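A.B. asks: okay, here's the prediction I keep looking at, along with the sequence it came from:
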Amino acid sequence: MRAIVISANGGPEVLEYVERPDPEPGEGEVVVDVAASGVNYIDVYHRSGAYPLELPTTIGSEGAGVVSAVGPGVRDVAVGDTVAWASVLGSYAEKAVVPAGRVVPVPEGVSAELAAAVMLQGMTAHYLTHSTYAVREGDQVLVHAAAGGMGQLLTQLAKLKGAKVHGTVSTPEKEKLAREAGADEVLRYDDFAEALSGRMHVVYDGVGATTFEGGLKALRPRGLMALYGAASGPVPPLDPQVLAGNGSLFLTRPTLVHYIAEREELLQRASDLFEWIRTGRLRVNVSARYPLAEASRAHEDLTARRTTGKLLLIP
């Protein structure tokens, strides 16, 4: 099989398209012929070394495809099943080995590509709006990077729960996409904090360094900041007294793995997303598809902020 392997940390140039032996499933594992792999910022962090991995390794944390082999002890997954997964390394490949307990069935009416596109970002949007801060009808919600793949999903899920959504974008073109996703108000990054000062129940921030301080100012007393990423760089150290001075604010740094640790929770989040997709209540914007061999170009486009939706690698 062919796969994307990194042997050293660095820029997109370290993503090597190489041949590897076809994998065999171990105890409790399945092998999946990958139909599509999602491209996410966590892949950039793995590639750069911001999140260190033992090298060499195949990166990629999200995908979907058809099971081609099952290992000993696997009972609930069979050859021929269409499945998807997230937070499992090795997805940038033609074949992936995945623990059977981490795959979810993809129902009829949802393509493998759409399943791959929604697993990591979709379940992140799900836990952020349903668990980290359970959005209620009438809540004022700020979504940063509202035209991106995550931003569009967050906006839609917050709107499904009856919130008024404010989004930040950098260009008129991205403003159009944010509004199409359902954002009620769209602002630029340089004036959002002043415009929204003291009004937001929750701020969803995957941008980090450049938006963090303004996001705290946008929160109302006892509001919550969910800092789930750092696309612009890590935020500086914070004196907890700042939270007190701005109105007894809450700050959390959640990550998906802790919100799908139990299989029941994993299945529920995935099932909700697939049902919303199947019934047309959730729209997944796949903005670009790249051949697996062009993973480096996908990373370049993602980090240069040239993208406005989900990116997929197609083996």
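C.D. replies: Right, received. Where do you want to start? Here the structure is a predicted model, which is why all the values come from computation and not from measurement.

A.B. asks: going forward, measure contacts between C-alpha atoms and count neighbours the same way
C.D. replies: Fine.

A.B. asks: and for the protein, the residue most distant from the center?
C.D. replies: Distance from the C-alpha centroid of the chain, by CA atoms, centre = their mean, peaks at Gly245 (31.8 Å).

A.B. asks: any idea how far Phe250 is from Leu187?
C.D. replies: Using CA to CA, to the nearest Å, one obtains 23 Å as the distance from Phe250 to Leu187.

A.B. asks: hmm, I was thinking of Ser68
C.D. replies: Distance from Ser68 to Leu187, by CA to CA: 47 Å.

A.B. asks: residue boundaries of the strands in the stretch 151-300 of the chain?
C.D. replies: Secondary structure of the stretch 151-300 of the chain (DSSP state E, counting those that start in this stretch): strands located at 164-169, 185-188, 200-205, 219-227, 250-252, 286-291.

A.B. asks: any chance of those strands in TSV, with distance to Ser131 and mean neighbour count too?
C.D. replies: Formatted as TSV, these follow (distance: least, CA to CA, whole Å; neighbours: other CA atoms under 10 Å):
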stretch	distance to Ser131	mean neighbour count
strand 164-169	18	24
strand 185-188	24	18
strand 200-205	12	26
strand 219-227	11	21
strand 250-252	12	15
strand 286-291	26	16
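
A.B. asks: which residues touch the residue nearest in space to the middle of the chain?
C.D. replies: Nearest to the geometric centre of the chain sits Gln121, at 2.5 Å (CA atoms, centre = their mean). Each residue near Gln121 by CA atoms under 8 Å, 6 or more residues apart in numbering is listed here: 149-150, 153.

A.B. asks: also Val88?
C.D. replies: Counted by CA under 8 Å, 6+ apart, Val88 has contacts 60-62, 98, 102.

A.B. asks: would a markdown table of these with distance to Asp22, pLDDT and neighbour count be doable?
C.D. replies: Converted to a markdown table, the contacts of Val88 look like this (distance: CA to CA, whole Å; pLDDT from 0 to 100; neighbours: other CA atoms under 10 Å):
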| residue | distance to Asp22 | pLDDT | neighbour count |
| --- | --- | --- | --- |
| Gly60 | 17 | 97 | 27 |
| Ser61 | 19 | 95 | 22 |
| Glu62 | 19 | 97 | 28 |
| Val98 | 14 | 98 | 24 |
| Arg102 | 20 | 96 | 20 |
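
A.B. asks: confidence score at the residue nearest to the centre of the chain?
C.D. replies: At Gln121, the model reports a pLDDT of 94.

A.B. asks: ok, and the closest non-adjacent residue to Pro21?
C.D. replies: Met1 (6.2 Å; CA to CA, 6 or more residues apart in numbering).

A.B. asks: just the endpoints, please. Distance across stretch 131-143?
C.D. replies: 16 Å.

A.B. asks: fine by me, we can end here.
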